[in-house]
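what would the 3D arrangement of this be:
(one chain, ligands or ions: 1)
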Amino acid sequence: MNNVKTILTGGALLLGSLTTMAKENPNFDYKVDRFADIEVLRYEVPGFDQLTLQQKEMLYYLSEAAQWGRDIIWDQNGKNNLKLRLILEKIYQKYDGDRDSKDWKAFEKYMKQVWFGNGPHHHYSNDKFVPEFSQEFFEDRVKGICTRCMGASDDKERDAIVAEITRYIFDPSYMPKKVSLDSTGDVITASSVNLYDGVTQEEVEAYFAAKKKVDDPTPISYGLNSKLVKDARGNIHEETYCLNGLYGDAIRHIIYWLDKAKGVAENDAQRAYITKLIDYYITGDLRLFDEYSILWAEDSDSDVDFVNGFIESYNDPLGMTGSWESYVNFRNRESTKRTKIISDNAQWFEDNAPIDAQYRKPHVKGISAKAINAVMLAGDAYPATAIGINLPNADWIRAQHGSKSVTIENITEAYAEASKGNGFREEFVIDAPTRALMDKYLYQTDMLHTDLHECLGHASGQLAPGTDPDALKENGSTLEEARADLFALYYLADPKLVELGIISDPEAYKAEYYQQMMNGLMTQLNRIEPGNDVEEAHMRNRQLIAAWTLDHAKKSKAVQLVKKGGKTYLKINDYNELRNLFGQLLKEIQRIKSTGDYAAGNALVQKYAVKVDPKLHKEVLQRYSTLDIPPYRGFVNPVYVPEYDAEGNITDVKVTYNESYPDQMLRLSRNYSALGK
Ligand code: ZN
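This next block holds a predicted model:
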């Protein structure tokens, strides 16, 4: 995998309550829709109205650029996805039958799932959705769509489209998995993601091995913005995503709106990196992308900021091609005071980390951290999103020029607000005093945990000379996330945080310790199907930390699982000892990373991170089922409405929050279909 740092892509972890946050509207309604295993929320954008007109205008243009990339992620996720969406939406909009019928209800649910997955595969498990409506229902409805409306030139082409899409929906063995990481087979041919065409894993690896220069200190991110294709003659070549290449029809619109944003940029540095980004979109030249990334990482002055491009490579089984995404945001000034204190003291944290001195960074540099409010989420970051980002991903840029680390404050707030009163803590937390502690502090400590994880954790430590950064192979992501989490957990309990004025109560960290341990040992199992292992890297990391410390607390009884009224609860008897254990595990995982000790890393992961106790798993699922808490959550975006004067200049931008989930999806398809017709 790439050196990717996006964290916590789901909602179940963040069940904080918030005595400290500044809500703009006390009656804001966070809940939008609910279906299958998904809840759709909306988020508020506090502070938007107080921005300058120039900033609002810029955010509006960047939001337009973000929305124009939507079709790219749909096509990257599957070659049939745009056609599938077109047909499903036509049926959805034209339906005039019984809306209480079983088939219609099932169709509606499937439509919402497909919207959420940006295709027919689950955004997290990668498995294809199972339609619960009949094939007859579908075929009957398809008859009502005209040949032209389907984008076909004649009936023969139309029949071929219908046959293909019918198979895509109803044949569970056809493209069953978006991304397969099963290393016993060919991960390229086993994945239905549309980043490769006609090539095997061996051919992909050989193609890029031949391109890579040996000992290149500043390598481009090979394959980041291209699809690898074998043509009819058997030649393999890259189709590059750029203005005159693949996805050019969407990229043209993105460039147009980026250029408008450039016209109202806040300063020269920002103008310079937008110019570079546009040049990169025009040419597809990955050198320009690196130059853009450096300028972007080094700009810490601008309040308005954004990500727009082919960034994270989780959807590529070989971790090279970036999925298109966009985050448009602005600095949350109040909260950034907190992250600034942390980054200003980065060297102190590094010098005092409980790891071997030789693996500490002598000079921590280039960490810029801030808290932001999201304005628009798009592409692979929508509807499901992360709550923290640390970019750029290229290792050499991070080492030489630093990185930008952000905590997305208003998204974290929406998760926490929407979780209030859902009964989760009453069911799973052992007693009232612990619940009270969590009610009081968890929102604060969650945010601080994200800050420490992103800004200090990932940036800490160094490799021993000659260690291969990819030596931990398939366990690399899990161990890297564990390292960052442990760094955050260890320091959350440090008196230094009180001394720095970041936290008021030296006991507050206990709320986070309880939450993290309970989640890693029990409650995250809600996301696992009975009989399955833990697969996803962040989940493996959380179980690894919790199960390892539980095991190593046997003697001291610092942490226990206990039974009360037939139910299992986490009991923490000695928080200080738990902190010591976090420190010990951090030391060992840092050693594993610094020396590239694959065997030790693999042993840790296999022993603690993968297997599930079936009895406890069953109990957790049963207890969850009484609560009606969705395992996954995502968001609709606010709608931004510009106001113009007689000359056509923007005089204000109003933010509105009342769009429903289907209305938003249909509006995007109507107004931003660059590739889908
Ligand atoms: Zn991380």
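
the residue in the stretch 501-650 of the chain that the ion sits nearest to - nearest residue in space that isn't next to it in sequence?
Relative to the ion, the nearest point of the stretch 501-650 of the chain is residue 538 (7.3 Å; CB to the ion). (Glycine included, C-beta is placed from N, CA and C.) Excluding its sequence neighbours, the residue lying closest to residue 538 (CB to CB, 6 or more residues apart in numbering) is residue 481, at 5.4 Å.

can you check residue 94 too?
Nearest residue to residue 94 in three dimensions, chain neighbours excluded: residue 144, at 6.1 Å (CB to CB, 6+ apart).

burial measure for that neighbour, as a count.
Residue 144 is flanked by 12 other residues according to other CB atoms under 10 Å.

mean confidence (pLDDT) on stretch 639-646, please.
On average, the pLDDT along stretch 639-646 is 98.

alpha carbons of that stretch, as PDB, please.
Output in PDB follows, covering the C-alpha atoms of stretch 639-646 (Å, rounded to 0.1, in the frame of the first residue of the first chain):
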ATOM      1  CA  VAL A 639     -26.000  23.700  -1.200                       C
ATOM      2  CA  TYR A 640     -24.200  27.000  -2.000                       C
ATOM      3  CA  VAL A 641     -26.300  29.600  -3.700                       C
ATOM      4  CA  PRO A 642     -24.400  32.600  -5.200                       C
ATOM      5  CA  GLU A 643     -26.200  36.000  -5.400                       C
ATOM      6  CA  TYR A 644     -25.200  38.300  -8.300                       C
ATOM      7  CA  ASP A 645     -25.400  42.000  -9.000                       C
ATOM      8  CA  ALA A 646     -26.600  43.500 -12.300                       C
END
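
partners of the strand or helix carrying residue 633 in the sheet?
In this assignment (DSSP states H and E), residue 633 forms part of strand 632-636. Strand 632-636 pairs in its sheet with strand 38-42 (parallel), by DSSP bridges.

any regions of the stretch 401-550 of the chain where pLDDT drops low?
For the stretch 401-550 of the chain, not a single residue meets the criterion pLDDT under 70.

state the distance from the residue of the stretch 501-650 of the chain closest to the ion to residue 644.
44 Å (CB to CB, to the nearest Å).

ok, residue 465 next?
Counting by CB to CB, the gap from residue 465 to residue 644 is 60 Å.

residue 80 now?
Separation of residue 80 from residue 644 (CB to CB) stands at 40 Å.

give me the more crowded residue out of those two.
The neighbour count for residue 80 versus residue 644, taken as other CB under 10 Å, is higher for residue 80 (23 against 10).

sorry, back to before: surely the residue of the stretch 501-650 of the chain closest to the ion is in a helix?
Yes - per DSSP: H, G, I helix; E, B strand; the rest coil, residue 538 lies within a helix segment.

who in the stretch 451-600 of the chain is up against the ion?
Counting by CB under 5 Å from the ion, the residues of the stretch 451-600 of the chain close to the ion are 481, 484.

recalculate using a threshold of 6 Å.
Within the stretch 451-600 of the chain, the positions near the ion by CB under 6 Å from the ion are 453, 458, 481, 484.

TSV for these, including neighbour count and secondary structure?
Listed next are these as TSV, based on neighbours: other CB atoms under 10 Å; DSSP: H, G, I helix; E, B strand; the rest coil:
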residue	neighbour count	secondary structure
453	25	helix
458	23	coil
481	26	helix
484	27	helix
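
let me know the closest of those to residue 656.
When those are compared for distance to residue 656 (CB to CB), residue 453 wins out at 33.5 Å.

related to what we said a few turns ago, how about the residue nearest to residue 538, what does it touch?
Counting by CB atoms under 8 Å, 6 or more residues apart in numbering, residue 481 makes contact with 7, 537, 538, 540, 541.

and of those, the nearest to residue 346?
Among the contacts of residue 481, residue 7 lies closest to residue 346 (CB to CB), at 18.4 Å.

just the pLDDT for the closest one.
Value listed for residue 7 in the pLDDT field: 35.
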